[in-house]
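> Sequence and predicted structure are below.
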Amino acid sequence: MLSAKPWKADAIIRLGLSVIVCIFAGSLFLSVQHFVSARTKASPTLFVAASVAALGCLTVALILISKPWPFENFSRRLMTWVVCAYSGLFLGMWVQRLSGVSAADTSIWRVVVASLSFQGAGLILVARFLREHQINWGEAFGFTNRRGKAMLLGALVALIFLPLGWGLQQTSALVMTHLPHFKLEPQEQLPVHVLRVSMSWAGRITLGATAILLAPVAEEILFRGILYPAIKQAGFPRLALWGTTLLFAAVHMNMVTFVPLAVLALVLTALYERTNNLLAPITAHAVFNALNFLTLFLIQKTGAA
């Protein structure tokens, strides 16, 4: 049975908004990097001015939600945050257009920056979140509750779920291509595509570390460790289960993997409930990603042989 958590609603909202701001900042960084490395027709002065303004707005927005807002200043702070956040967003979109960076960019650099601005920044922000609640990582997520048993159970669940996940993915791809009125072309996930076309060991190791180490830890802490118990304890257990499940599948932004990831999220939530130790779903998530990564690498190596 999952133990009660002391999460405050306003702290969770500020954590979520902070992660979104960091994702915007990551996109801005990619635009700057592309502008520096590529030759574009945009004025360097205009580009630098827009980039600095966008970064400044996002930084102020991040600082504003770093601490709780006093009730007497709530309206003024909210309005200031909205102005800064949206100004940073729209300026960032302008910077992206000036840089000429394309959404079709499939470089390893893009995957790394996207992961650091979401999962990497998320872990840093969670550390601040825990300090605000005056609780350590072990107490917050049950890391000391039968650690070995939790990790072993997580690994076994991943091994059992893997063929089911593959089957669901294949079925989703088949359904997408045979819809009577809405035929959709299945698209690879960006990290999968980058691994498939990457020929350097440095790139493969980077992608592997991101998929196997960083992503499972950050995503499980954010979705299962914080968001799920908060909504459940507010009196909405079904919303907690299905809301976090659908959100987890949606953030990966791929139609083919939506159903298998949603089912995986249900399994991971059940693991957390059973063990009261977030290491169980973290291990299951990491092993699942590792096996998929290894399988894709072996297929790629066999095809190149």
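Looks like it arrived, so ask away.

> for residue 144, phi and psi?
phi -100, psi 0 (degrees, to the nearest 10).

> I meant to write residue 254 there.
phi -150, psi 120.

> State the distance from it to residue 118.
Here residue 254 is placed at a distance of 15 Å from residue 118 (Cβ to Cβ, to the nearest Å). C-beta here means a position set from N, CA and C on the backbone, and glycine is covered the same way.

> Relative to residue 83, how far out is residue 152?
51 Å.

> what does residue 224 give?
Taken as Cβ to Cβ, the span from residue 224 to residue 83 is 34 Å.

> for residue 141, same thing?
Look at residue 141 and residue 83: by Cβ to Cβ, they are 35 Å apart.

> now residue 166, nearest residue through space, not along the chain?
residue 260 (7.9 Å; Cβ to Cβ, 6 or more residues apart in numbering).

> wait, what's in contact with the one you found?
164-166, 168-169, 172 (Cβ atoms under 8 Å, 6 or more residues apart in numbering).

> Give me the subset of those lying in strands.
The strands, defined by DSSP state E, take in nothing from these.

> Confirm for me that residue 66 is in contact with residue 131.
No: counting by Cβ atoms under 8 Å, residue 66 does not reach residue 131; the two are 11.0 Å apart.

> May I see the buried residues of the host helix or strand of the residue nearest to residue 166?
Taking DSSP states H and E as the criterion, the element that holds residue 260 is helix 255-275. For helix 255-275, burial by neighbour count (16 or more other Cβ atoms under 10 Å) applies to 256-269, 271-273, 275.

> so residue 246 sits right up against residue 263, yeah?
No: if you go by Cβ under 8 Å, residue 246 and residue 263 don't touch, sitting 11.5 Å apart.

> Looking at this protein, which helix is longest?
Using DSSP state H, we find that the single longest helix of the chain is helix 147-177.

> What average pLDDT does that one get?
Mean pLDDT, helix 147-177: 91.

> What of stretch 72-84?
Taken as a whole, stretch 72-84 has an average pLDDT of 89.

> contacts for that stretch?
Contacts to stretch 72-84, defined as Cβ under 8 Å, 6+ apart, come from residues 17, 57-58, 60-61, 64-65, 69.

> Show me which residues of that stretch are buried.
By neighbour count on 16+ other Cβ under 10 Å, the buried set for stretch 72-84 is 81, 84.

> As PDB, could you dump the C-alpha coordinates of it?
Provided in PDB are the C-alpha atoms of stretch 72-84 (Å, rounded to 0.1, in the frame of the first residue of the first chain):
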ATOM      1  CA  GLU A  72      -1.700  39.300  -0.700                       C
ATOM      2  CA  ASN A  73       0.700  39.400  -3.700                       C
ATOM      3  CA  PHE A  74      -0.800  36.500  -5.600                       C
ATOM      4  CA  SER A  75      -2.600  38.300  -8.400                       C
ATOM      5  CA  ARG A  76       0.300  40.600  -9.100                       C
ATOM      6  CA  ARG A  77       2.800  37.800  -9.200                       C
ATOM      7  CA  LEU A  78       0.600  35.600 -11.300                       C
ATOM      8  CA  MET A  79       0.200  38.400 -13.900                       C
ATOM      9  CA  THR A  80       3.900  39.100 -13.900                       C
ATOM     10  CA  TRP A  81       4.700  35.400 -14.400                       C
ATOM     11  CA  VAL A  82       2.200  35.100 -17.300                       C
ATOM     12  CA  VAL A  83       3.700  38.100 -19.000                       C
ATOM     13  CA  CYS A  84       7.200  36.800 -18.600                       C
END
